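Novice: Curious how this folds, go ahead:
(3 chains)
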Amino acid sequence: METLAHLRYLLAENPLTLAAAVLALLLLVGAILGPSLAPYDPLATNTSRALEPPSWGHWFGTDQVGRDIFSRLIVATRLDMVISVAAVSLSFALGSCLGACAGYFGGWLDRLGSRLMDTIMAFPLFVLAMGIVAALGNTVQNIVYATAIINLPFYARLARAEINLRREAGFVEAARLSGNSDARILAVHLFPTVLPTMMVQISLNLGWSILNAASLSFIGLGVRPPTPEWGIMVADGASYIISGEWWVALFPGAALMAAVFCFNLLGDGLRDLIDPRQRT
Amino acid sequence: MNDVPLLEVAELSVEFRTRLGTVKALEQVDLSLDRGEIIAVVGESGSGKSVTAYSIMGILDAAAHLTAGRIMFGGLDLLRVAEAELANMRGRELAMIFQNPRGALNPIRPIGRQIGDILRRHAPMPRAGVKRRAIELLMQVRIPDAERRYAAYPFELSGGMCQRVGIAMALACEPALLIADEPTTGLDVTTQAAIMDLIVELARKRRMATLLITHDLGLAAEYCEHIVVMHAGHVVESAPVGELFAKPRHPYTAKLIASTPHGAGQLDSLTPIPGGLPDLRGELPPCRYRGRCERYTSVCDQAPLPRVQVDPRHVVACRDPL
Amino acid sequence: MTALLEVERLTKFFPLGGHSTLARMVQARRRRHSGADGTSEPALLHAVDDVSISVEAGESVGLVGESGCGKSTLARLIARLIDPISGKIHFQGRDLGELPAHRFARSPERRLIQQVFQDATESLNPRFTAAHSIADPLQRLIHLRGAGLWTRVDELADLVNLPRELLERYPHQLSGGQKARVGIARALAANPQLLILDEPTSALDVSVQAVILKLLAGLRRQLGMSFLFISHDLNVVRLMCDRVLVMYLGKIIEAGPAGQVFEQPQHPYTQALVSAIPTIEARPRHGRLRLDGEPVSPIDPDPRMCRFYGRGPRQTDRCRMQMPHLTPVLEAQLAACHFPGGSSTGGSDGLEDHRAAASDRR
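Specialist: Presented below is the predicted three-dimensional model:
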């Protein structure tokens, strides 16, 4: 109950957070109900109606083989959301665990983990993602894995630094006095204090992961046609910008932009919600 | 002593407009300070001591609103002086030492340079002169090996030493008024004594008026000549130190004294003050100690809060003083 | 009768690792002074050096000293949060050193020694409600669950006069005094026999301090606990403790009944300490005893030299070449000094009585 009240207060205070929340809701609805909301079959081609500009019949126009862009956009929401959420969840779970242990226990675990993260960060991250997908194959799963791997260091480093900072805090000593083992202290007492900072990182990452998946698809290494996905749609539309069919690339591009924008803003709101210190 | 006080705060009233209401932080605060005098402003946290100090220095938060009062310093009303002029006075005629010695120093700048910054701002002199004067100041505050320590960074110094640097910075331009806001909190007892000894010695030597803000009654008793007791934004009592402790006239002062652990007492005679500070937002009675006072009667609700002159230098804000 | 807590020759050194700037500076200096090869042994910080103390059941012992004297390290050693290099800790006759510190959390003896921290804000998990913080030791140390757990939490809140409604709040929603009470309730949760209090009221306002001190004293009587009361506020120690130990640079330099040590300090450091306490009492004073110079470095100190050398009124060859040990000076009072007692004549600055000077102006 208190959380709901606090949530309402947050949304009322900051119109941007409210806008982001509304947008996020739209994205969620699109992801869940996508196919049922689409007026046309996203895969149905109709070459006679190719490259039609936006009209009442086709709100966002049609692409080069006559598919309705609006329907494809909506259906693609689910795929893009799933990819980014899956990748970020994986990345967060693995990375923060590794980082937290490294930050708390130090020693060889820290050294090993840090060197591993350094190895990942030594590569230009997108190139690394490309490499992983190229090596493992063009599937949605592999896109998720690749995105998760390249994002590991951010979580690991953040977790490591935050845990290291709080390792000697008074409440940690108090927890030791209360009979908590090291593992319990790390998991139950320390890790939750690190979550608020992680929230911002997670939301930034969500936006970044969508872009990553879209970029991989854009260059042909990601999702395969004819599966609707924002990145592929932008790739399709790129060649038509010059000839004046702007809508093919613009709408999926705008969707990408909106999603990233929304997640970035939500990050701040989420952090405020989770950090009890912000509660009055 | 001069006839005209160096600093005279009259009827100072300050409010803070916050999201959760208007906090009436200070109401009708009076205090005066002569050249060369050392006075203490004591009270619990939240009593308004720091707000008073910050008002004098002109460094209040942007949310603060002055609703009444004057602060006369050498003929000027500090509250109505232009910011540019006030900035010139700060550091030169008005100086302040802060509670957290490390917090007041720039961690990435050598201490000698920081003292130099003040000298350059207020007392322009050739570069070599600045360094020499800074070292001189470090020696005056008894920092050992001052020549070498000129280039030291704050993290290389202990808390006590950092506070000495703070004092050196405050006194660099020989101000007429020094405000020390809890200058020894967090320092060891012997360091505290050394720092207070230093402040008092320098104050006496330069006839500098000193305002010591503290919650430690013992400290006030030990080093100051006159004590101003504050509670919830009001001055409740103001008296010379001997009189205040021998015969406090305000019930809060008496309770404050009785709640301070001191050498001879027993734990049983330590009496805590009941209740807490009132919420300074919203409607407040004329006497803000009303809720905690066992001598309260309906006559206490008469506005305004009285100022009873029980002795030449002793004022009590109570309708029924002890 | 064996004492509740018996500490024998406890020693803790911290090796200064080769990588920190301080260590490198120290090592460079050592090389310069020793002149030779530059040993690869790390420098050692002598935090606690050959300390022996005892605390009886129901007794309140004060531990005073300035920052850097080792009292916090000693407290952490006794609380078994860290391991000593040498020495023994006996509690109720049992040797607590059998289990290393990082495994001590799970031993049945963990609940017998608890601690109240200086900064209550720091010592409470910002994401736990007060109730949760108090419940944690109950769950871990006595394995209480369910309704029994929350009943006990309520009982503890009542014991420390914390209104039950506040149990659902987070630390940032509580005042300083309330947080202090939560910390005390948590420390008392598992019925410890020895409570270590590390400056429990120094972060509190004077009126709240009085309340908390009385609360602590009352609880001690009620529950029959022993206190190890660490504080730099000698006035508070005097009120709360039966006996007091004075520490300086890792060693105990004076010990005795609290009132007596403050009335008749025997070690020059204690004399300086006592003379530096500001007080509102108009006590007759013999003037401030100034401490000269800087303290001896706690890093690799000369084992033969008195740690207080160079700071007091007397500096003889004997002080430099023979480490004084705690010896009885007065009845029940011990001091580690070759020249204990004496009048508190001032240091090089001579006598200065601020009271007299100030009263001239009144």
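Novice: separation between residue B:165 and chain A?
Specialist: 27 Å (Cβ to the nearest Cβ, to the nearest Å). Every residue, glycine included, has its C-beta placed from N, CA and C.
Novice: Where is the longest helix in the chain?
Specialist: I went with chain A, as the question did not name one. The single longest helix within chain A, with elements called by DSSP state H, is helix A:69-105.
Novice: Not quite, go with chain B.
Specialist: Max-length helix for chain B by DSSP H is helix B:189-206.
Novice: Export that helix to CSV, keeping only CA atoms.
Specialist: Extracted in CSV, the C-alpha atoms of helix B:189-206 (Å, rounded to 0.1, in the frame of the first residue of the first chain):
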residue,chain,number,x,y,z
VAL,B,189,39.4,15.7,24.1
THR,B,190,43.0,16.9,24.2
THR,B,191,42.8,18.1,20.6
GLN,B,192,39.6,19.9,21.4
ALA,B,193,41.2,21.6,24.3
ALA,B,194,44.2,22.6,22.2
ILE,B,195,42.0,24.0,19.4
MET,B,196,39.8,25.9,21.8
ASP,B,197,42.9,27.3,23.6
LEU,B,198,44.2,28.4,20.2
ILE,B,199,41.0,30.1,19.2
VAL,B,200,40.7,31.9,22.5
GLU,B,201,44.4,32.9,22.5
LEU,B,202,44.2,34.4,19.0
ALA,B,203,40.9,36.0,19.7
ARG,B,204,42.3,37.7,22.8
LYS,B,205,45.5,38.8,21.0
ARG,B,206,43.6,40.4,18.2
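Novice: the inter-axis angle of the helix or strand just after it versus helix B:189-206?
Specialist: The element immediately downstream of helix B:189-206 (helix or strand, assigned by DSSP states H and E) is strand B:209-214. Using axes from the mean of the first three to the mean of the last three Cα atoms, to 10 degrees, the direction of strand B:209-214 lies 160 degrees away from that of helix B:189-206.
Novice: what helices or strands is the helix or strand just after strand B:209-214 leaning on?
Specialist: Counting by DSSP H and E, the next helix or strand C-terminal to strand B:209-214 is helix B:217-223. For helix B:217-223, the elements it packs on are strand B:38-42, helix B:189-206, strand B:209-214, helix B:241-246, helix C:354-361, judged by 3 or more Cβ pairs under 8 Å, 6 or more residues apart in numbering or on different chains; DSSP states H and E.
Novice: so which of these comes closest to chain A?
Specialist: Shortest distance between chain A and those, using Cβ to the nearest Cβ, is found for helix B:189-206: 23.2 Å.
Novice: Show me what counts as buried in that closest one.
Specialist: B:189-200, B:202-203, B:206 (16 or more other Cβ atoms under 10 Å in any protein chain shown).
Novice: what does stretch B:305-322 give?
Specialist: Here stretch B:305-322 shows B:305-306, B:310, B:314-319, B:321 as buried, counting by 16+ other Cβ under 10 Å.
Novice: Considering those residues, which is situated nearest to chain A?
Specialist: residue B:305 (30.9 Å).
Novice: Okay, and the closest one sits in which element?
Specialist: Here residue B:305 is assigned to no helix or strand, by DSSP H and E.
Novice: Check the spacing between it and residue B:239 real quick.
Specialist: 17 Å (Cβ to Cβ, to the nearest Å).
Novice: same thing with residue C:92?
Specialist: For residue C:92, the distance to residue B:239 - Cβ to Cβ - is 54 Å.
Novice: now the helices and strands packed on helix B:217-223 as JSON lines including distance to chain A and mean pLDDT?
Specialist: Shown next, in JSON lines, are the helices and strands packed on helix B:217-223 (distance: least, Cβ to the nearest Cβ, whole Å; pLDDT from 0 to 100):
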{"stretch": "strand B:38-42", "distance to chain A": "29", "mean pLDDT": "95"}
{"stretch": "helix B:189-206", "distance to chain A": "23", "mean pLDDT": "88"}
{"stretch": "strand B:209-214", "distance to chain A": "26", "mean pLDDT": "94"}
{"stretch": "helix B:241-246", "distance to chain A": "36", "mean pLDDT": "91"}
{"stretch": "helix C:354-361", "distance to chain A": "37", "mean pLDDT": "40"}
